[in-house]
Structure formats: C-alpha cells, structure tokens
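Peer 1: Need a 3D model of the sequence below.
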Amino acid sequence: MAAAQAAPALAADALCCLGLGFLLGALYDLARFLLGDRRAACFAADLGAFCLAAVLLCSFSASRSRAGTVRWYMAAALLAGDAGYFGVLAPATRTLEGWLKWLLTRPAALLALAVGWPVRRMAEGARRAHHEKKQKKAQARRTKQLQKNAKVLYNSK
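Peer 2: Model prediction:
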C-alpha cells in the first residue's frame, strides 16, 4: 500500500487530472466534429476517448503524480473535468462548430447562387418565349376558322 499523501499534494494531483479531463472532453468534441455523427464514427470516438483517458491517467500518475500510482481521486477528477467541459464549454463549442460549418459551406452556396441565378433566368426566358410562341399559334388557329360552329348546316332527311 502506498503511503498517504499530504492535502496540497492531493489537491495538485486532482487539479492536474481535472485539466486532463477538460482536455479529454475537448479532444472528444473535436473528434466528433471531424468524424461526424454517424454510428460508427461515434463508436470510434467513444472508444478512442476511453482509451485516451486510461493512457492519460496512467501516464500522469506514473510521471507527474506525487503518489506514483493511479488513485481514485485522480479518476474522479478526470471524470469531473470531462463532465465540466460538457456542462460548461460544450454549448459554446457547438455554436462555434455551427458557425465554422456555415463559414466552410458558404463558398459552395455562393457559387451555386452565382451560377444558379443566371442559368435560371435564361431557362425562364426560354420557357416564356416558347409559351408565347405556342399562344400565338393557338390564337392564329382560332382566328382561321371559316364558319362558326353555331351556323353549320346539316343535311337532314
């Protein structure tokens, strides 16, 4: 059993693990942004976050921690940091992601507008010209009738 640590040493370890939890949450959020929201991508991001949490916790406890081993309060602080990120910073990063996606898709949308409007105007002009030509032919056919339908005489016996 490892020796008991002083309160300042425990607090320093807990704060470092809290920061690692925030980092883990930010990396998970970045992975979800880059990979998307598909089921397989979510599974890969979840599995990667779980493995990264274990690696971060073990490497921190082996290299920087005063205790030298993983303790319960380190895992709790890592979990609290992760939950803190998703409770406090994640809504702001979601908004930032929305703006970033909007900004990245704007060139394509502006190109579609720049190309789409002239093409649509040309197509509407061609359709209008065809419609007017069709109406003129129909009008010409209506005026060329020799007799009115009401005055047609039939031979009756």
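
Peer 1: The longest helix seen in the chain: how far from the chain's middle?
Peer 2: When the chain is parsed with DSSP state H, its longest helix is helix 90-143. When C-alpha coordinates are averaged (CA atoms, centre = their mean, to the nearest Å), helix 90-143 and its chain have centres 25 Å apart.

Peer 1: Which secondary structure elements does that helix sit against?
Peer 2: Using 3 or more CB pairs under 8 Å, 6 or more residues apart in numbering; DSSP states H and E, the elements in contact with helix 90-143 are helix 7-35. Heads up, the C-betas are built off the backbone N, CA and C, glycines and all.

Peer 1: and the angle for the helix it packs on with helix 90-143?
Peer 2: 10 degrees (axes from the mean of the first three to the mean of the last three CA atoms, to 10 degrees).

Peer 1: quick one: helix 7-35 to chain centroid distance?
Peer 2: The chain centroid and the centroid of helix 7-35 are separated by 24 Å under CA atoms, centre = their mean.

Peer 1: before we move on, what about stretch 89-108?
Peer 2: Computed by CA atoms, centre = their mean, the chain-centroid distance of stretch 89-108 equals 8 Å.

Peer 1: in it, what counts as buried?
Peer 2: Under the neighbour-count criterion of 16 or more other CB atoms under 10 Å, stretch 89-108 has 90, 93 buried.

Peer 1: can you offset everything so residue one is 29?
Peer 2: With the count now opening at 29, the last piece we talked about shows up as stretch 117-136.

Peer 1: got the CA positions of that stretch in CSV?
Peer 2: Listed in CSV are the C-alpha atoms of stretch 117-136, where the atom choice follows Å, rounded to 0.1, in the frame of the first residue of the first chain:
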residue,chain,number,x,y,z
LEU,A,117,-17.9,24.7,-22.6
ALA,A,118,-19.6,22.3,-25.0
PRO,A,119,-22.6,24.6,-25.7
ALA,A,120,-20.2,27.3,-26.7
THR,A,121,-18.2,25.0,-28.9
ARG,A,122,-21.4,23.7,-30.5
THR,A,123,-22.2,27.2,-31.5
LEU,A,124,-18.6,27.7,-32.8
GLU,A,125,-18.9,24.5,-34.8
GLY,A,126,-22.1,25.7,-36.3
TRP,A,127,-20.5,29.0,-37.4
LEU,A,128,-17.5,27.1,-38.7
LYS,A,129,-19.6,24.7,-40.8
TRP,A,130,-21.6,27.7,-42.1
LEU,A,131,-18.4,29.5,-43.0
LEU,A,132,-16.9,26.5,-44.7
THR,A,133,-20.1,25.8,-46.7
ARG,A,134,-20.6,29.5,-47.8
PRO,A,135,-18.3,29.4,-50.8
ALA,A,136,-20.2,26.5,-52.3
